[in-house]
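Novice: Generate a structure from the sequence data that follows.
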Amino acid sequence: MCSRGGATIEMAKAAGQKNLFLFGLMAAAGSQQWHYENEPESRAALDLIFSDHFSRSEPGIFEPLRDHHMNPADLTAYLEDGSTPSRALRRPRGRMRNVIQNPTSSGRFSSHRAIAEYAAEIWNVTSCPVS
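Specialist: Alright, predicted model coming up:
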C-alpha cells in the first residue's frame, strides 16, 4: 500500500491497478495543521509518534518528521481502506500475482532512467561521456 503520488500512480499503471493498493488523496488537501485539528485519528497517531512512545531510548528522533515529511492527509483514507490489501492477499492466487507482477513491472522505475529523462525533458542537458 502506498499513498498517491506521481511515481506510485505510474507504478500502478505499469503493474496494473489490482496489483498495487493505492489510498488517500491525489494531492494533499488542506494543510497538515487542518488534518491535525479536525481528524481525531490523525491527532492521536501524530501525538503518539511525537510522544517518544516508539523511541524511548532515543527521545526526539522522530521530531525532524514533524515539519518535513509528516503529512496526515492520507491517514484517514488509509485507516478506512486498510482491510482491502489484507483481504486480497489472503487468497493464494492474489498473493502470488502480486509477488510476480510487481517486481517484473518495476524495471522502468530505475534511477538511471529517471535521471536521463529529467536531464533530457526538464533540464535540457545532454550526457557527458566519462572515460
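Novice: so how far is residue 90 from residue 36?
Specialist: Counting by CB to CB, to the nearest Å, the gap from residue 36 to residue 90 is 34 Å. Backbone N, C-alpha and C define where each C-beta goes, glycine included.
Novice: ok, the two, which is more surrounded?
Specialist: More neighbours surround residue 36 than the other of residue 36 and residue 90, with 17 against 9 (other CB atoms under 10 Å).
Novice: how about that one, secondary structure?
Specialist: Reduced to three states with DSSP: H, G, I helix; E, B strand; the rest coil, the structure at residue 36 is helix.
Novice: can I assume it is in contact with residue 49?
Specialist: No. At 11.8 Å, residue 36 and residue 49 do not qualify as touching, with contact defined as CB atoms under 8 Å.
Novice: And the next helix or strand past the lowest-mean-pLDDT helix or strand in the chain?
Specialist: In the chain, no helix or strand scores lower on mean pLDDT, DSSP states H and E than strand 2-3, which sits at a mean of 50. Using DSSP states H and E, the helix or strand that directly follows strand 2-3 along the chain is helix 6-15.
Novice: Tell me the buried residues in that next one?
Specialist: Within helix 6-15, the residues that qualify as buried by neighbour count (16 or more other CB atoms under 10 Å) are 11-12, 14-15.
Novice: just stretch 116-131 next, same as before
Specialist: For stretch 116-131, the neighbour count (16+ other CB under 10 Å) marks no residue as buried.
Novice: Packing partners of the host helix or strand of residue 101?
Specialist: Residue 101 is located in helix 92-104, with elements delineated by DSSP H and E. The criterion is 3 or more CB pairs under 8 Å, 6 or more residues apart in numbering; DSSP states H and E, and the helices and strands that helix 92-104 contacts are helix 83-90.
Novice: Let me see the contact set for residue 52.
Specialist: By CB atoms under 8 Å, 6 or more residues apart in numbering, residue 52 lies in contact with 59-60, 62.
Novice: out of the residues you listed, which are buried?
Specialist: For the contacts of residue 52, burial is judged from neighbour counts taken by 16+ other CB under 10 Å, and it is met by residue 62.
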